[in-house]
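Asks: After the sequence you'll find the predicted model.
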Amino acid sequence: MATLDDDLAKAVTESFRQAQIDIVNQDLILSGTGDVTVTLADGSKKTGPSWAKLTAAAMAAGTSAAAAEASAKNAKTSETNANSSKNAAATSEKNARTSETNAGTSEANAKTSETNAKKSETNSAASASSAASSLAAAQQLTSVPFETAPFPDVWAPLNDDLRLLAGFAPYDKLTISGQVLELATKSVGFTRATTATYIDKSGVLQTADINEPRFEREGLLIEGQGTNSMLYSGDQNAAWWPKARCTTTPGFAAPDGSNSATKLLPTSELGSHYISKTLPVTTGGTYTLSYFVKAGEYTKCRLSFSGTLVPDGRSCDFDLVAGTMRPLGTTGTPTITPLSNGWYRCSITSDVISENGTVNFNIWVLDENGNTSGFAGDGVKGIYVWGAQLESNPVMTSYIPTTTAEVTRAQETLRIQPSGNIGYGVVGDLFNRTISFELSVNAFVPTAAGYFNLLAGVGVGNDIMLRIATATINSLRSSGSISPNISVTYPFNRQVFTQTIDTDNTLTAYFNGQKGVRTGAPSAPNGVPTSINVSSQSQLVYHIRNFRIWHRLLTLNQINGLR
């Protein structure tokens, strides 16, 4: 059997002992917590951290590093915020100074507001007083500004016939084969001793028989007597008409539907191209020249007066496409009125003639530039003319056809019986009445009297419902005028006139938003009316429509609602 010597045995034993110590040390290091004590090879002892302690320390170090990085970032943010706070602090300081200034301004404004408040308190007291006055006035009216009037006691629409829708008049009669038949209708009376022309609601010239009323777009036409001194008025081709550097061709459609219009053709000669007629005039006279004119290849014309009695001339140019006019240094009055089918009626009025003599009355063809002279025509191109009229009158009236002699149109009058309509037996009776109608004044030049009674009770002094003057309208019960005067400018179209009379003899007139009042008994209280007349005169052209009488006082709201 083999045996180990002592040295080898000692070495083997020592190896086993050291291995055992290493196992114990490994267990302490890997399984222990905190610090552990291990045995070294020489038998000495050493204390150090276990694996668990080292792991915990490493993890703690990582956490600390992350925390340190976050702290660094937070520090940067804090630095930025600190700078912002510094800037904000500077802004706050500036705003504080501004606030201090504003506070001073606010204090001043407060002082001003206090002053204004005292003024407002004073004004409020005045407003309260005005409000009380306004309320008192408002309480005199109904709750609406316009109110429908009751059915009239007398009503003549005068739109397309003379019939009364209400009121008293003889029944209309119709004669058939010598037998007189009484109709169920009643009408107002109308007279005119001659025929007369008018423009119907389609713009076509028509002729009315003797005593036949003329209804135009504005209502019943009323005119005074008029005379046309131009012969062959509808035939400018007649030899009676002298022509300068122009020719005429007849046979064209005229405003009255006939083929009697003439084409006025400038010739090839240079110069002016016109028709001129020389006629006598009288001292103090005022004359109106009118023509129906239509554009052809030329589109402009001129009407004029010339001669020694009108050294400064009277003339006006007319554009027959645009329907406009251009007075040329004239003190006369021009007009242009559109009709149908391109026709216009153009007129010009002279000033007062200074002495007896003659005047040239002319119509010219103008070129496209508005020249009357220095151009040549070709004898083909021209304008259409018809219906020449010369009146010794300061206003143009309806066309009066002539042939070989002057023709006069008679004046017109509209009459309504007073019985049952006028509202009283004798003019001095106390009564309530309202009269209203629509009025259009186309032209008015006062005579020497300075006024004209358009509507009045005939046979009494006074029941003048409407008097028109140069720049005012009036309404009278006695010799005194209403106050204030009602101003007016002629011409005017479709204005409503209203007059009231009450049992206190107070007369009130309303027109175009104005009002005039007069209180007083009539001048001759025992007068008995014989008619209610709508009258005419030569220097007045007008239309009347929707004539109404109420035997009561209408309220102001009802008057405001009248049309």
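Replies: Received it, and whenever you're ready, just let me know what you need.

Asks: The residue most central in space within the chain: which element?
Replies: Centroid-nearest residue in the chain, with C-alpha atoms, centre = their mean: N493, separated by 14.5 Å. Secondary structure assignment for N493, by DSSP states H and E: strand 492-501.

Asks: Then I21?
Replies: If you go by DSSP H and E, I21 is part of helix 6-31.

Asks: The next helix or strand after that helix pairs with which strands, parallel or anti?
Replies: Downstream of helix 6-31, the first helix or strand assigned by DSSP H and E is strand 35-39. Paired with strand 35-39 in the same sheet, following DSSP bridges, are strand 45-49 (antiparallel).

Asks: Just the buried residues of stretch 369-385, please?
Replies: Within stretch 369-385, the residues that count as buried by 16 or more other C-beta atoms under 10 Å are 372, 375, 377, 382-385. (Each C-beta comes from the backbone N, C-alpha and C, glycine too.)

Asks: Actually, stretch 157-175.
Replies: Residues 157-158, 162-164, 167, 169 are the ones in stretch 157-175 that count as buried (16+ other C-beta under 10 Å).

Asks: related to what we said a few turns ago, tell me the angle whatever helix or strand comes next after the strand holding N493 makes with strand 492-501.
Replies: The first helix or strand that comes after strand 492-501 along the chain, using DSSP H and E, is strand 506-511. Interaxial angle, strand 506-511 versus strand 492-501 (axes from the mean of the first three to the mean of the last three C-alpha atoms, to 10 degrees): 170 degrees.

Asks: roughly how far out does strand 506-511 sit from the chain middle?
Replies: Its chain's C-alpha centre and that of strand 506-511 lie 27 Å apart, by C-alpha atoms, centre = their mean, to the nearest Å.

Asks: Just give me the closest of the buried residues of stretch 157-175 to I363.
Replies: Taking C-beta to C-beta as the measure, I363 lies nearest L158 of the buried residues of stretch 157-175, at 35.6 Å.

Asks: got a list of what the closest one touches?
Replies: Shown in contact with L158 (C-beta atoms under 8 Å, 6 or more residues apart in numbering): 215, 219-220, 544-547.

Asks: The buried residues of stretch 369-385 in helices, which ones?
Replies: Using DSSP state H, no member of these falls within helices.

Asks: Pipe those residues into CSV and attach distance to T324 per row.
Replies: Listed next are the buried residues of stretch 369-385 as CSV, based on distance: C-beta to C-beta, whole Å:
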residue, distance to T324
T372, 17
F375, 21
G377, 23
G382, 20
I383, 16
Y384, 18
V385, 19
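
Asks: Not counting sequence-adjacent ones, nearest residue to D378?
Replies: Closest residue to D378 apart from its sequence neighbours, by C-beta to C-beta, 6 or more residues apart in numbering: S268 at 6.5 Å.

Asks: Helix or strand: which one has the nearest residue to A169 once chain neighbours are set aside?
Replies: The shortest distance from A169 to any non-neighbouring residue, by C-beta to C-beta, 6+ apart, is to K186 (4.0 Å). Using DSSP H and E, K186 maps to strand 179-186.

Asks: And N557, by the same measure?
Replies: Taking DSSP H and E as the criterion, N557 maps to helix 556-560.

Asks: doesn't D235 make contact with T402?
Replies: No - with contact defined as C-beta atoms under 8 Å, T402 does not reach D235; the gap is 9.7 Å.

Asks: Residue ranges of each domain in the chain, please.
Replies: As assigned by automatic domain parsing, the chain contains the domains 6-49, 226-409, 413-560.

Asks: Just send those domains back as CSV, with distance to A56 and mean pLDDT too.
Replies: Listed next are the domains of the chain as CSV, based on distance: least, C-beta to C-beta, whole Å; pLDDT from 0 to 100:
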stretch, distance to A56, mean pLDDT
domain 6-49, 9, 72
domain 226-409, 110, 94
domain 413-560, 105, 95
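
Asks: which stretch among these comes nearest E147?
Replies: Closest approach to E147 among these is made by domain 413-560 (4.0 Å; C-beta to C-beta).

Asks: now for the closest one, what's the gap between its first and last residues?
Replies: Domain 413-560 stretches 29 Å from its first residue to its last (C-alpha to C-alpha, to the nearest Å).

Asks: repeat for stretch 215-225
Replies: Using C-alpha to C-alpha, the span of stretch 215-225 from its first residue to its last is 18 Å.

Asks: any idea which element T55 lies in?
Replies: Using DSSP H and E, T55 falls within helix 51-138.

Asks: average pLDDT across that helix?
Replies: Averaged over helix 51-138, pLDDT sits at 59.

Asks: How about stretch 162-173?
Replies: 96.

Asks: List the contacts of it.
Replies: 151-157, 180-190, 213, 414, 416-417, 419-421, 549.

Asks: could you dump the domains of the chain to CSV with distance to D209?
Replies: Shown next, in CSV, are those (distance: least, C-beta to C-beta, whole Å):
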stretch, distance to D209
domain 6-49, 143
domain 226-409, 13
domain 413-560, 16
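
Asks: so which of those comes closest to T207?
Replies: domain 226-409 (7.4 Å).

Asks: Figure out how far the strand holding N493 is from the centre of its chain.
Replies: 21 Å.

Asks: ok, the closest residue to D172 other than its chain neighbours - contacts?
Replies: Among residues not flanking D172 along the chain, L183 sits closest, at 4.3 Å (C-beta to C-beta, 6+ apart). Residues near L183 by C-beta under 8 Å, 6+ apart: 171-174.

Asks: Let me know the closest of those residues to G513.
Replies: Lowest distance from G513 to the contacts of L183 (C-beta to C-beta) belongs to D172, with 38.5 Å.

Asks: Please, which helix or strand holds the closest one?
Replies: Element membership of D172 [criterion: DSSP H and E] is strand 171-176.

Asks: Direction-wise, compare that strand with strand 179-186 and give the angle.
Replies: Relative orientation of strand 171-176 and strand 179-186, computed by the same axes, to 10 degrees: 150 degrees.

Asks: Partner strands of the strand holding N493 and their direction?
Replies: Strand 492-501 is paired, per DSSP bridges, with strand 433-444 (antiparallel), strand 506-511 (antiparallel).

Asks: looking at the ones you listed, which is closest to N485?
Replies: Set against N485 and scored by C-beta to C-beta, the strands paired with strand 492-501 come closest in strand 506-511, at 10.0 Å.

Asks: I'd assumed S44 was in contact with I21.
Replies: No - taking C-beta under 8 Å as the definition, I21 is not a contact partner of S44, at 11.5 Å.

Asks: who's more crowded, these two?
Replies: The residue with more neighbours, out of I21 and S44, is I21; 15 against 8, by other C-beta atoms under 10 Å.

Asks: excluding its backbone neighbours, what's nearest that one?
Replies: Spatial nearest neighbour of I21, excluding adjacent residues (C-beta to C-beta, 6+ apart): T39 at 5.1 Å.

Asks: How about Y274?
Replies: W364 (4.1 Å).

Asks: for the helix or strand harbouring that neighbour, packing partners?
Replies: Element membership of W364, judged by DSSP H and E, is strand 357-366. Here strand 357-366 touches strand 261-266, strand 274-281, strand 288-294, strand 300-306, strand 383-391, going by 3 or more C-beta pairs under 8 Å, 6 or more residues apart in numbering; DSSP states H and E.
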